[in-house]
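S.K.: Kindly generate the corresponding structure for this input.
(2 chains)
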Amino acid sequence: MAALTIARLTIREAARRKLLLALAILTVIVIGLTGWGFQHLSTLTNPDGSQIPADELRLAVSQVLVFVEFMFSAVLALSAVVVASPAISSEFESGVALSMLARPVSRYQVVLGKWLGLAALIAIYVAATTTIELLVVDATTGYVPPGPVGLALYLIGEGFVIMSLALLLSTRLSGMTAGVISLVLFFVAWIGGIAGAIGEVFSSAAITNAGTISQLLLPTDALWRGSVYELEPILYRDVLGATTERAGNPFFVQSPPSVAYLVWAGCWVVLVVGITVWSLHRREV
Amino acid sequence: MTAADAAPPPPPPDEAAVRTLELTKHYGSSVALSGLTMVVPRGEVFGFLGPNGSGKTTAVKLLLGLSRPTGGEAWVLGHPAGDRKTRSRVGYLPELFRYQGWLSAAEVLGLHCRLAGIARAEWPAQIAGALSTVGLTGHADAKVETFSKGMQQRLGLGVALLGNPDLVILDEPTSALDPVGRADTRTIIRGLRDRGCAVFLNSHLLGEVEQICDRAAVVADGHVLAIGRLDELLGSGGVRMRLTGLTDVGRASLARRGTLAEHEGWFVVNGVDADAVPDLVAELVASGARVYAVEPVRQTLEERFLSLVEAEQARWQR
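M.R.: As a prediction, this is how the structure comes out:
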C-alpha cells in the first residue's frame, strides 16, 4: 500500500537526515544529567543534618520528574511541529511532489503515509525517553510514578494532536508559517488550560469555560495534564487537591481527562486528518 | 429533448495516447490554457511546442491529474485524465525535476517502482535497466544530492521509464543536459517509439523536436496555433537556384510555380512542388538560362514557429 511506502519513507528521511541520531544523543545527555540530579536529590538532608522524611523526598522526586517530563513534552511538541510543518509543503515547493503524485497514488494515501510515519516517530521517541527516564529515576531514587504507561500514552496523544495540526497547515502554508502558527496555538492552549484551572478553583464560570473551549479546540494541554496526573503520587493528589494552592498550577492535576474527553481527542485527530486529506485533494500541484 | 439539444457524447474509449477536447485552464482571470483540442496517437513522438508561459506545463499537469481543468475534457490512454489506475501506465519527467536527495539513485527508482505498483520481482531488472538506459549504472548507490543537475535529469528520465509505460510525458527533458546527454535522450525517445510507446515531448528546443517528433502542436498564450505532422506544419517547402541569363520567359516560369524571391544571386521559389522541379529546370534551360545549382529549401521548424507566434502576437495587438 502506498501509504505504508510513504510512512517508511518519512521514517527513513528522519534517520538519514540524522534527526533520530541527534535526538538520541541529546536524550542520552539530558537523561544522564537528570539521573545525576535525581541521585543527588535522594541523598539530600535537612539543614540540621537530619534525614528528610521518605514521603517528602518522594514528593520532591515526583515534582522534579513532572518538570523533567514537561521538558520532554515541550521537546516532543517542538520537534513534531518542526518535522511536520514542512512535511507536505516542502515537497510541493521543491517539486518532489510532482513525480510522486503523478504515480497511481491517491492524495489520501500521501496524507495517511505522512501521518503514520510521523506518528511512529513520535511513539518511538516517547516510548524510548519515558522508559529510560523512569528506569533512571527508579534506579537512583526508587520512585516509580503510579501510571508510567498512561504517562507515555498521554504524551504520545499530545504529540499526535500537535503533529496533526502542523501537517494540516502544511498542505496550504509554507513550513515556516505552519510551524509558527502551530507553536503559537500550542502555547495558547497551554495558557488556556492554566486559565481554566484557575477559573475552576475560584468558581469563575467564564474563565472555566474559556479554558474548556481552548481544550476542546486543541487538546494538547488537556492531554499534558493527563500525563501529569499519571506522574503524581496518589497521596499528593488527595492532599493538595483539597487546597486552593493548586490554582493555576500547570504541574498539578487533580483528575485525569474524562473518557468522553479522550474520545473527543481521538475524534479531533481523525477530523483534522480528514480535513488534511480534503485540503490536499483540493490543492493543485 | 432533441438529439441536437443533447450534449455531445464523450468520445468512445480509443487507442489514442492522449485526446483533449476544448481543454481549458484559468487561474483567476488569467488564461493558462484555452480550448486545447488534440489527439496524440499511440506509438508516436508528439512535440508540444510553445514559448515560455504558453501553457505547455499546464497542459501536462491537466493530463496527469495534478491540476483540474476549468473547462473541456481530456483522456489519457482511453481513460479520463488523472485516472489513478491509468497513471501506472504513464511515465513522467517534470520540468522541475527533484528527487529525495538523501536517497541513492537506486533507492529513488525503487521508491517509484513501489509507487507505480510494479511487481516486486521485477524491481531489480527495472532499476538496473533504467540506470543503464540513462547512463547512471556506476552511480546507483550515490546519493542524489551529490548529483549534478544533468545527472538528476537523467535520473528523472530513468524514473519515467520504469514499468514499461505506454505513454511517457517529458517536460523539457534536456534542459540540463549537455550535447551528449541530448543525443542520448533522443536515442531513448526513439527506442520508446520503436516499442510502441507514445512520447509527449514538451519542449521549446525546436531543433530537438524537429529531429525526433512525428507530429507537433504549437501553442502560445494558451491557444493552439497549429497542429499536425511535421511535414504538414512546415509546408511544401521550395527550391533555390543559381542562374545566369534569366529571360522574362524564364522569370515567368519561376513565378508561375510559386512565390519568387531573389537573394544574393539566388532565386528562391517558395511553395513549389518537389515533383515540378525537373520540368521547371527544363523550362529555364529552354528559355536560355544557364542553371548552375538547384537546392531544395525547407522552412525550419524554428522559422515556422516564429512566424506562427509572431502572427498570433500581431493578431492580439490589432
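S.K.: near chain B, which residues of the stretch 1-150 of chain A show up?
M.R.: A:2, A:5, A:9, A:12-13, A:16-17, A:94-96, A:98-106 (Cβ under 8 Å from any Cβ of the partner chain). (C-beta placed from N, C-alpha, C; glycine too.)
S.K.: the bottom helix or strand of chain A by mean pLDDT?
M.R.: Ranked by mean pLDDT, DSSP states H and E, the weakest helix or strand in chain A is helix A:234-241, scoring a mean of 70.
S.K.: Report the next helix or strand after that one in sequence order.
M.R.: Counting by DSSP states H and E, the next helix or strand C-terminal to helix A:234-241 is helix A:259-282.
S.K.: Tell me if that following helix is near chain B.
M.R.: No: judged by Cβ under 8 Å from any Cβ, helix A:259-282 and chain B are separated, with a smallest distance of 8.9 Å.
S.K.: Give the buried residues for that helix.
M.R.: A:261-262, A:264-265, A:268-269, A:272-273, A:276-277, A:279-280 (16 or more other Cβ atoms under 10 Å in any protein chain shown).
S.K.: Contacts for that helix, please.
M.R.: Under the criterion Cβ atoms under 8 Å, 6 or more residues apart in numbering or on different chains, residues A:88, A:107-108, A:110-112, A:115, A:157, A:160-161, A:164-165, A:167-168, A:171-172, A:215-216, A:219, A:222-223, A:257 lie in contact with helix A:259-282.
S.K.: coming back round to it: report the two of the buried residues of helix A:259-282 separated the most.
M.R.: Farthest-apart pair in the buried residues of helix A:259-282 is A:261 and A:280; separation 28.6 Å (Cβ to Cβ).
S.K.: Flag the shaky bits of the stretch 201-318 of chain B, pLDDT-wise.
M.R.: B:235-236, B:298-299, B:316-318 (pLDDT under 70).
S.K.: ok, now with 90
M.R.: For the stretch 201-318 of chain B, residues meeting the criterion pLDDT under 90 lie at B:203-211, B:218-240, B:243-246, B:250-278, B:280, B:295-318.
S.K.: where exactly do the helices run in chain A?
M.R.: Listed in chain order, the helices of chain A (DSSP state H) span residues A:2-16, A:19-41, A:54-84, A:89-94, A:96-101, A:107-141, A:148-170, A:175-201, A:205-217, A:220-231, A:234-241, A:259-282.
S.K.: How many residues are close by residue 85?
M.R.: Just so you know, I chose chain A. Residues lying near residue A:85 (other Cβ atoms under 10 Å in any protein chain shown) number 27.
S.K.: not quite, I wanted chain B
M.R.: By other Cβ under 10 Å, 10 other residues sit near residue B:85.
S.K.: Next, work out how far apart it and chain A are.
M.R.: Shown here: residue B:85 relative to chain A, a distance of 6 Å by Cβ to the nearest Cβ, to the nearest Å.
S.K.: and the nearest residue to that residue once chain neighbours are set aside, what is it in contact with?
M.R.: Nearest residue to residue B:85 in three dimensions, chain neighbours excluded: residue A:104, at 6.1 Å (Cβ to Cβ, 6 or more residues apart in numbering or on different chains). By Cβ under 8 Å, 6+ apart, residue A:104 lies in contact with A:2, B:84-88, B:115-117.
S.K.: Domains in chain B, by residue range?
M.R.: In terms of domains, chain B is parsed into B:18-230, B:236-298 (source: automatic domain parsing).
S.K.: for those, which one ends up most surrounded?
M.R.: Mean neighbour counts were compared across the domains of chain B using mean count of other Cβ atoms under 10 Å in any protein chain shown; the top stretch is domain B:18-230, at a mean of 19.
S.K.: Report the secondary structure state of residue B:217.
M.R.: Under DSSP: H, G, I helix; E, B strand; the rest coil, the three-state class of residue B:217 is strand.
S.K.: so what's it up against?
M.R.: Neighbours of residue B:217 in contact, by Cβ under 8 Å, 6+ apart: B:38, B:46-49, B:224, B:226-227.
S.K.: all strands of the stretch 51-200 of chain B, in order?
M.R.: Counting by DSSP state E, counting those that start in this stretch, one finds strands in the stretch 51-200 of chain B at the ranges B:71-76, B:79-80, B:90-93, B:167-171, B:198-203.
S.K.: Of those strands, which is nearest chain A?
M.R.: Taking Cβ to the nearest Cβ, strand B:90-93 is the member of the strands of the stretch 51-200 of chain B nearest to chain A, at 4.3 Å.
S.K.: Give me the sheet partners of the closest one and which way each runs.
M.R.: In the sheet, strand B:90-93 lines up against strand B:167-171 (parallel) (DSSP bridges).
S.K.: Next up, the contacts around residue B:216.
M.R.: B:46-49, B:209, B:227-228, B:230, B:233, B:301.
S.K.: closest to chain A among those?
M.R.: The nearest member of the contacts of residue B:216 to chain A, counting by Cβ to the nearest Cβ, is residue B:48 at 16.4 Å.
S.K.: Which strand or helix spans the closest one?
M.R.: strand B:45-49.
S.K.: How is the closest residue to residue B:196 other than its chain neighbours classified with respect to secondary structure?
M.R.: Closest residue to residue B:196 apart from its sequence neighbours, by Cβ to Cβ, 6+ apart: residue B:43 at 4.6 Å. Assigned with three-state DSSP, residue B:43 falls in the coil class.
S.K.: residue boundaries of the helices in the stretch 101-250 of chain B?
M.R.: Assigned by DSSP state H, counting those that start in this stretch, the stretch 101-250 of chain B shows helices spanning B:105-116, B:123-133, B:149-161, B:179-194, B:206-212, B:230-234, B:248-257.
S.K.: Now do the contacts for residue 57.
M.R.: The chain I'm using is chain A. A:41-42, A:44, A:141 are the contacts of residue A:57 under Cβ under 8 Å, 6+ apart.
S.K.: actually chain B
M.R.: Contact analysis of residue B:57 by Cβ under 8 Å, 6+ apart lists B:95, B:171, B:202.
S.K.: just residue A:27 next, same as before
M.R.: Counted by Cβ under 8 Å, 6+ apart, residue A:27 has contacts A:128-129, A:132.
S.K.: Just the closest of those to chain B, please.
M.R.: Nearest to chain B, judged by Cβ to the nearest Cβ, of the contacts of residue A:27 is residue A:128 at 22.6 Å.
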